[in-house]
Structure formats: structure tokens, C-alpha cells
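[1] After the sequence you'll find the predicted model.
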Amino acid sequence: MNLARSSTKLLLALTIACLQRTIVAQTNLSIYSDECDNGFQNWSWGTFNFNCPSPVHSGTNSISLNGPAWNGISFWHTDFNPAPFTNLTFWANGGAIGGQIMQVYWQYFGSTNSGTTYQLPALTNGWRQFNLPLNTLGVGGVSNLSRLNLQLTSFGTTNTFCLDDVSLTGMSPLQIKVDASVTLRAADARWFGLNTAIWDNYFDTTYTSSALSALGTRILRFPGGSASDDYNWATGMSGTNTWAWATSFANFVHIATNAGAQTMITVNYGDGTPQEAAAWVSYANISSHLAFKYWEVGNECYGTWENDTNVLPHDPYTYGVRAAQYITQMKAIDPTIKIGVPSVPGEDNNANGYSAHPAYNARTATYHDGWTPVVLTTMKSLGVTPDFLIHHVYPEYNTDNDQALLQATTNWATDAADLRQQISDYAGTAGTNIEILCTENNSDAGNQGKQSTSIVNGLYLADSLAQLMKTEINSFIWWDLRNGYDTSGDFDPSLYGWRPNGDLGIIGEANTNYPTYYAFKLMQYFANAGDTVLNATSDYNLLSSYAARKADGALALLVINKSYPGTTTAQISITNFYPWSTATVRSFGIAQDEATRTNSIVPGAQDITTNLLAGAGTNFSASFPAYSMTLFTFAPAAPKVQTLVGPAGKFVFQMLGQAGVPYQIQTSTNLFTWTSNATVTLTNSSWNTTNTLLPGGQFWRAVWQP
């Protein structure tokens with residue numbers, strides 16, 4: 001007798017702890033509560049005070065306005081969709097006399113268009129709540145609100161009045177949707193990269209090796225940003241220095257090779273030579289057999305902040321001529337290497353005052369002096385094509401804003417499209433195989449304040465990488481593994497965070513892990529080489545969602561809550577994938593960061609938490625704390641197996657499962673010892689195989705194993 005059985009081995013060595021799944025009242029979008037929240041900015045006019053100590057409705061501050069008629073309190077925000085909300089709610093106090101009459105109106109599409117003006121009844125001499133439906137303000141169907149105005153009219157008194165607790169409310173249930181059949185692209189191992197610094201005193205240590213392993217690091221860049229353009233690889237010195245940097249090329253090789261990581265080497269363009277760069281390739285790949293594949297000619301050579309000793313410094317034409325020489329001589333040593341050049345979006349950006357060699361765009365019949373057009377045109381004229389363009393992104397400089405940073409990650413799609421168009425326009429058909437790689441990204445390119453070491457920068461890292469994964473950009477190398485303690489940046493009280501220093505490194509000093517460390521660590525579980533990026537959608541711009549199909553058939557969903565304060569609840573819908581009833585949940589946010597602040601002794605309290613969510617399915621709700629990142633990993637539901645009637649002396653084994661999931665087909669004669677006979681990845685929902693009936697009985701099953 002033959003018996004077909006189904007089972008699923010999840011092999012998860014985890015303590016089961018249920019994630020809270022209770023549907024709670026949806027958090028409102030706060031506009032003002034003691035200060036401007038969630039990216040809203042003060043654009044008021046007149047005599048106003050956004051830190052008025054009395055009277056207040058709640059908290060410690062309110063907003064006061066004292067002035068003639070037609071002055072107003074105004075809040076500006078980058079364009080956003082108000083669709084999830086139904087009402088504008090705020091509290092107003094007319095002071096000792098009251099009698100002020102205000103009008104309320106929204107502006108949209110860059111503040112150029114106005115909705116309906118709504119006149120309020122006269123204010124009283126105490127706090128009163130106003131709850132205005134958005135449809136009465138004429139913004140129904142508008143998807144790009146940008147400014148809220150509460151304006152004092154001449155129809156009442158003009159005494160000082162106050163506002164407090166301004167918010168958008170009545171949010172309908174948020175929706176996060178994942179369609180497992182809608183794929184965007186294959187994941188690239190080069191998305192998991194870190195810059196390294198020659199000034200890192202702790203680089204060649206066991207802690208670094210352990211950290212790179214825990215982080216899942218796949219590519220390392222050396223020698224470190226602007227320092228590359230006056231660095232001599234053979235001596236480990238810069239310029240006329242008589243001393244060597246703490247981390248040498250030998251130190252870098254030791255750590256990189258032990259980590260099994262790919263490398264990105266930046267050769268010295270600023271005061272180096274093509275011969276010096278070629279000698280580096282020869283030492284690394286010919287003499288030392290390191291097979292270091294990726295090389296860059298200089299760092300941000302378009303920037304006037306970079307060292308450049310050429311007669312015409314930061315000139316795109318000069319760079320194009322010299323870069324061609326670098327590439328020719330370096331590839332003469334090792335033709336297998338890939339070499340890239342710095343680029344910038346925008347055809348007219350970073351011309352740096354040079355106009356002697358304009359680049360002609362035949363598609364638009366226009367000339368441009370910008371960095372990227374001139375570099376590509378010059379190299380094309382010399383018969384040299386770079387293997388990739390290099391793109392660096394820092395949204396801020398010296399002055400920081402948490403919500404502005406968290407809304408800055410949408411740049412990747414437009415930047416990638418811009419650079420691809422420039423490649424097409426100026427490199428021609430030879431540019432088809434030119435890749436676009438990001439070799440630096442962080443929040444602020446200037447002096448560092450507390451945002452860089454707060455959970456906000458961790459959220460930015462995760463959101464930035466996840467957005468980049470949806471584009472054609474094939475690498476993401478974060479700046480920096482270690483960078484340095486800095487107290488000269490922005491420490492404005494409006495910024496979230498508690499650390500007394502800034503630092504663009506994910507590790508401070510020898511072994512202090514910042515929130516960016518844990519964000520980087522989390523992302524390796526979201527998508528990696530062999531996985532496929534899917535399209536996920538959220539109807540709330542402060543709740544980002546991303547999805548990936550794992551190579552083993554599982555599905556990953558990353559949700560980043562960029563709102564503060566309060567918990568946000570969403571309904572999650574999954575189509576074209578049937579999950580196992582228990583999901584793995586990894587998360588990091590304020591709770592874990594606070595455990596670091598208080599130096600919690602609870603094991604694992606400061607690290608990514610891992611729990612199991614019971615009751616997962618194709619439709620369920622979940623709650624996300626403020627300033628948090630949550631990663632769900634859904635195993636596929638167990639396959640079903642059955643036997644069908646076959647030819648004489650044979651039977652048909654049928655497995656019913658999910659497309660894209662690899663199943664092991666196993667047999668046993670005693671139900672204790674199982675032998676794997678084949679691994680089958682379904683292309684549809686079923687798979688059949690015909691087998692010979694064996695004497696003594698035989699058991700069959702289909703198993704999914706991560």
C-alpha cells in the first residue's frame with residue numbers, strides 16, 4: 001500500500017511571541033503639537049510665536065498670532081495626498097476678549113491653487129475644538145496638498161489668539177498591498193556595500209570582521225571619499241605627508257578577503273597619474289591575484305571641494321580626456337576589470353564655469369556644458385566607454401529636518417532615469433551596457449549633528465535602499481563603516497534623537513553600533529542576490545512598503561513607519577501568494593534605540609527583535625510603532641499531495657503548490673527516515689510524476705525548506 005503525505009518543515013529556531021494584531025484607532029497626522037510635526041513647516045506671516053507658553057491646550061506650547069487683519073498662521077509641506085483623512089481638526093482660543101473671525105483654506109500644486117475658503121464662527125475666550133470635513137475646504141480629489149492657512153479676517157476683533165493640536169483626522173483604514181506576480185527586477189549583491197576609511201583606527205580588527213559578517217556586507221569601497229584624490233596606495237600616505245594613514249591597503253585586503261566581499265577601489269585622479277593607477281591594478285590583480293573587479297577614476301571630481309591639481313581643475317573635458325587614459329592603461333593590465341566615472345543628474349549641472357567644449361544632444365538639438373554630457377561626449381570621441389556611471393546622494397547639508405529627510409528617498413527613480421537618458425544621448429549605442437552604481441549615500445554631506453546617529457537616519461537608510469532597489473541602479477554603498485565623532489552639526493531641539501554627537505559611520509569608535517547599523521543589518525533579510533523585487537503599495541506616504549520574493553519561495557514585506565508620534569495600523573493584502581499561518585517578524589525602532597540609551601541588560605533588547613506572528617494570511621491587520629521598520633517573512637503555505645490512478649503497476653504522485661516555490665520530493669519506507677529524490681520548482685499550481693509500485697509500501701511527501 002502506498003500513502004501520500006504532506007508536511008512542511010519551517011526549521012525556525014525561534015521563541016514564539018505573538019505580534020500585537022489588535023486593530024487600534026488609527027493615529028492622526030499631527031501638523032502641530034508643541035512644534036511642527038511630520039515635515040510641516042512654519043510659513044506664517046505677521047507677528048506670531050510657535051512656542052507660546054500660555055495658554056496651551058495640551059503639552060507645553062501653543063501658537064499665538066498678534067497682528068492686524070489678514071495676517072495668518074500657515075503650515076507648508078511638500079506635496080502630499082490627503083486621501084486617507086477626512087477632517088482637519090484644531091483647537092483655538094480667542095484670549096481674554098475673543099471675537100476673532102478666521103478663514104481656513106488649503107493650497108495645492110506647489111501652493112499655486114487654493115481650495116474653498118471656509119469662514120469660522122467667532123472665537124471665544126476659552127479653548128474650542130473645530131472639526132472641519134476636508135470636502136468643505138474644496139480639496140476633494142486633490143492629491144498634492146502643500147499648504148494650510150488659518151487667516152485672521154477684518155470681520156471680527158483683531159486681538160491675540162492661539163491655536164494648538166492641529167491635525168488631520170478621521171483616517172480610513174490604511175491599505176498595504178502586495179501582488180507577488182508583479183516583479184520589478186532581480187536583486188543585486190552589490191546593494192549591500194559599505195565605504196571604508198583610511199583614517200579608521202579600528203578597521204583591521206576582529207570586531208570589524210564580525211560586524212561585516214553580521215551585516216551581510218557584500219561589497220567594500222576603499223580608500224574613502226575625497227581622501228582618494230590625494231592618496232598614494234603604495235605608501236599609504238597623502239600628498240606631502242610623511243606619515244601613513246591608520247588603515248593601509250594591506251589592512252583593507254585582509255578584511256575584505258576574509259569577508260568574501262567584492263571591492264570598489266577609487267584611484268587617485270586629483271594628483272595621481274594613469275601609470276600609478278595601472279600599477280595598483282597590477283599589484284592587486286596580477287601580483288597578488290586578488291581579482292578586484294570594480295574601480296573608479298577619482299571621487300566626485302565634478303565637485304570644487306575635491307583635490308584636483310590639473311591646469312584646469314574640475315573641468316569635465318579635462319576629466320574626460322584623462323579618464324580615458326586611466327581606463328586604457330588600467331585595462332591594459334587587466335582587461336577583466338570594470339571601471340566607472342563620476343556623474344551627476346542634469347545636463348547643465350557642475351559645468352564649473354567651463355564652456356569651451358559644449359556637448360551636443362542630437363535628440364533635442366541643444367548644447368550643454370554640464371559635467372556628465374561633456375565627460376561622456378569627450379570619452380566617446382576618444383573611443384573609450386566607461387563600464388558604469390557613479391552616483392552619490394546626500395539630501396542635506398549642515399541644516400537637518402527629520403521629515404524632509406524621510407521624504408527625500410524618492411530621488412532614486414528620477415535620478416536613474418535622468419542618468420540613463422544622458423547615457424543614451426551622449427554615449428550612443430556604446431552606452432547600452434553602462435551600469436549606474438551608487439557608491440555613496442547618507443543623510444548630510446556637511447557637519448554632523450544628532451540626526452546622523454538617531455533612529456531617523458536608520459529609517460532613511462532602509463527607505464533609501466528599498467527605493468533604490470526599484471530602479472536600475474545596481475549598487476548601494478553606504479557612507480561609512482566608521483567615520484568619526486562630530487559635534488559641529490545640527491543639534492536643533494526639533495530633531496529626534498538623544499546622542500550627544502553626530503557620525504556618518506554605522507559604527508562609532510571601536511564598537512558603538514548606531515541605528516544605521518541595525519537598519520543595514522535588517523535589510524539583508526529583506527532581499528539579497530537571487531531574490532526578486534516586487535511592487536508593494538501603500539496609500540499613506542508616511543508608511544512606506546516594499547516587497548521581495550525570496551529565492552527559496554518565501555515572501556518578504558518591509559514596512560517603514562516614518563510618522564511620529566503614535567502607532568499606525570494598516571490592513572495588509574497579499575495576492576498571488578498563499579502564506580503559511582505563522583510569519584517571522586523582525587523589527588527595529590524607538591524601543592530598541594531607547595534600550596541602548598538606558599543600557600538595558602535584557603539580552604537582545606538593543607538589537608533587532610525577532611518574533612513570530614500567528615494568524616498571518618492573505619489579509620490581516622498589523623500595527624507599526626512610530627519611527628520603526630518592520631520586516632515580515634512569509635513562508636509559503638504547505639503543499640498538498642495526493643495519488644492518482646496510473647497505468648498498470650504504477651501510480652501518479654501529484655503535488656499541488658505555488659508557482660515559484662521550490663519543493664523537495666521525499667520518500668520513506670517507515671515514516672521516520674526520509675530521502676530527498678528531487679527538488680521541484682513549480683511553474684504553475686501542480687506537478688505530476690508517474691512511479692512504479694514497490695513491494696512493502698512506500699510513503700511520499702513534499703517539503704518546503706528555507
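    Thanks, I have it. Numbers count the residues shown, from 1 in each chain.

[2] ok, T487 - how many residues close by?
    13 (other CB atoms under 10 Å). C-betas here are computed from N, CA, C, even on glycine.

[3] The closest residue to it other than its chain neighbours and L495, how far apart?
    Spatial nearest neighbour of T487, chain neighbours left out: N501 (5.5 Å); criterion: CB to CB, 6 or more residues apart in numbering. As defined by CB to CB, to the nearest Å, N501 lies at a distance of 13 Å from L495.

[4] circling back: around the residue nearest to T487, count how many other residues there are.
    Neighbour tally, N501, other CB under 10 Å: 19.

[5] so what's it up against?
    448, 450, 453, 485-487, 508 (CB atoms under 8 Å, 6 or more residues apart in numbering).

[6] Q129 - that's part of a strand, no?
    Yes - according to DSSP: H, G, I helix; E, B strand; the rest coil, Q129 belongs to a strand.

[7] which element is A622 on?
    If you go by DSSP states H and E, A622 is part of strand 619-624.

[8] Now do that strand: which elements does it pack against?
    Packing contacts for strand 619-624, counted by 3 or more CB pairs under 8 Å, 6 or more residues apart in numbering; DSSP states H and E, involve strand 555-561, strand 568-575, strand 628-636.

[9] so where do the helices sit in the chain?
    206-215, 249-259, 274-281, 316-333, 371-381, 402-406, 411-427, 455-468, 515-526, 590-597 (DSSP state H).

[10] if we compare those helices, which one ends up closest to A570?
    Proximity to A570 (CB to CB) singles out helix 455-468 among the helices of the chain, at 16.1 Å.

[11] Could you double-check that I574 lies in contact with V182?
    No - applying CB atoms under 8 Å as the test, I574 and V182 come out as separate, 11.8 Å apart.

[12] Am I right that A637 is in contact with Y663?
    No - counting by CB under 8 Å, A637 does not reach Y663; the two are 11.7 Å apart.

[13] out of the two, which sits in the more crowded spot?
    Y663 (26 against 18).

[14] Is it correct that that one is in contact with G657?
    Yes - counting by CB under 8 Å, Y663 touches G657, with 5.8 Å between them.

[15] So for those two, which residues contact both of them?
    With CB under 8 Å, 6+ apart as the test, Y663 and G657 both reach 639, 682, 702, 704.

[16] from what I can see L312 touches S355, true?
    No - counting by CB under 8 Å, L312 sits too far from S355 to count as a contact (12.0 Å).

[17] and the spatially closest residue to P373 that is not a sequence neighbour, how many residues sit next to it?
    Nearest residue to P373, sequence neighbours excluded (CB to CB, 6+ apart): A359, at 3.6 Å. Neighbour count for A359, taken as other CB under 10 Å: 25.

[18] Give the closest residue to T439 in space, chain neighbours not counted.
    Nearest to T439 is I477, by CB to CB, 6+ apart, at 4.6 Å.

[19] tell me the contacts of that neighbour?
    I477 is in contact with 190, 193-195, 219, 221, 264, 437-441, counting by CB under 8 Å, 6+ apart.

[20] Report the beta-bridge partners for it.
    G193 (DSSP bridges).

[21] For the contacts of I477, give me CSV that also has distance to N285, pLDDT and neighbour count.
    CSV is the format used below for the contacts of I477 (distance: CB to CB, whole Å; pLDDT from 0 to 100; neighbours: other CB atoms under 10 Å):
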residue, distance to N285, pLDDT, neighbour count
R190, 18, 98, 22
G193, 20, 98, 28
L194, 22, 98, 24
N195, 21, 98, 25
I219, 16, 98, 24
R221, 17, 98, 30
M264, 14, 98, 25
L437, 19, 98, 25
C438, 24, 98, 26
T439, 19, 98, 27
E440, 24, 98, 22
N441, 27, 98, 23
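
[22] Which of these fall in strands?
    Members of those lying in strands (criterion: DSSP state E): 193-195, 219, 221, 264, 437-441.

[23] So what touches stretch 102-110?
    With CB under 8 Å, 6+ apart as the criterion, stretch 102-110 contacts 79, 88, 92, 113-120, 123, 132, 137-139, 142, 144-153, 161.

[24] Need the buried ones from the residues you listed selected in ChimeraX.
    In ChimeraX syntax, the buried subset of the contacts of stretch 102-110 is picked out as below (16 or more other CB atoms under 10 Å):
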select :79,88,92,114,115,118,120,123,137,138,139,142,145,146,147,148,149,150,151,152,153,161
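
[25] Give me the subset of the contacts of stretch 102-110 lying in strands.
    Under the assignment DSSP E, the contacts of stretch 102-110 contribute 79, 88, 92, 113-114, 118-119, 132, 145-152, 161 to strands.

[26] list the contacts for I327?
    297, 339, 384, 386.

[27] That should have said F634, apologies.
    F634 makes contact with 554-557, 574, 577, 579-580, 583, 616, according to CB under 8 Å, 6+ apart.

[28] mind running it again at 7 Å?
    Residues near F634 by CB atoms under 7 Å, 6 or more residues apart in numbering: 554-555, 579-580, 583, 616.

[29] for it, which residues make a bridge with it?
    When assigned by DSSP bridges, F634 has beta-bridge partners L555, A583.

[30] what's the answer for E396, then?
    D444.

[31] how much space between it and F476?
    Distance from E396 to F476, counting by CB to CB: 18 Å.

[32] now N285
    If you measure N285 against F476 using CB to CB, the figure is 24 Å.

[33] Between these two, point out the one with more neighbours.
    The residue with more neighbours, out of N285 and F476, is F476; 28 against 19, by other CB under 10 Å.

[34] check contacts around the closest residue to the more buried one other than its chain neighbours.
    Nearest residue to F476, sequence neighbours excluded (CB to CB, 6+ apart): W191, at 4.5 Å. Residues near W191 by CB under 7 Å, 6+ apart: 465, 469, 475-476.

[35] Neighbour-wise, which one of the residues you listed leads?
    Per-residue neighbour counts (other CB under 10 Å) across the contacts of W191 peak at F476, which has 28 neighbours.

[36] buried set for stretch 676-696?
    Under the neighbour-count criterion of 16+ other CB under 10 Å, stretch 676-696 has 680, 682, 687, 691 buried.

[37] just for the protein, where's the confidence low?
    Where the chain drops to pLDDT under 70, the residues are 1-27, 171, 693-697.

[38] quick one, domains of it?
    Domain assignment for the chain, taken from automatic domain parsing, gives 2-7+640-703, 29-170, 175-179+538-636, 188-526.

[39] Out of those domains, which is closest to T532?
    Comparing those against T532 with CB to CB, the closest turns out to be domain 175-179+538-636 (4.5 Å).

[40] from the middle of its chain, how far away would the closest one be?
    Centre-to-centre, domain 175-179+538-636 and its host chain are 15 Å apart (CA atoms, centre = their mean, to the nearest Å).

[41] now the strands for the stretch 601-706 of the chain?
    Along the stretch 601-706 of the chain, the stretches classed as strands by DSSP state E, counting those that start in this stretch are 609-614, 619-624, 628-636, 640-645, 650-656, 662-668, 675-681, 686-692, 698-703.
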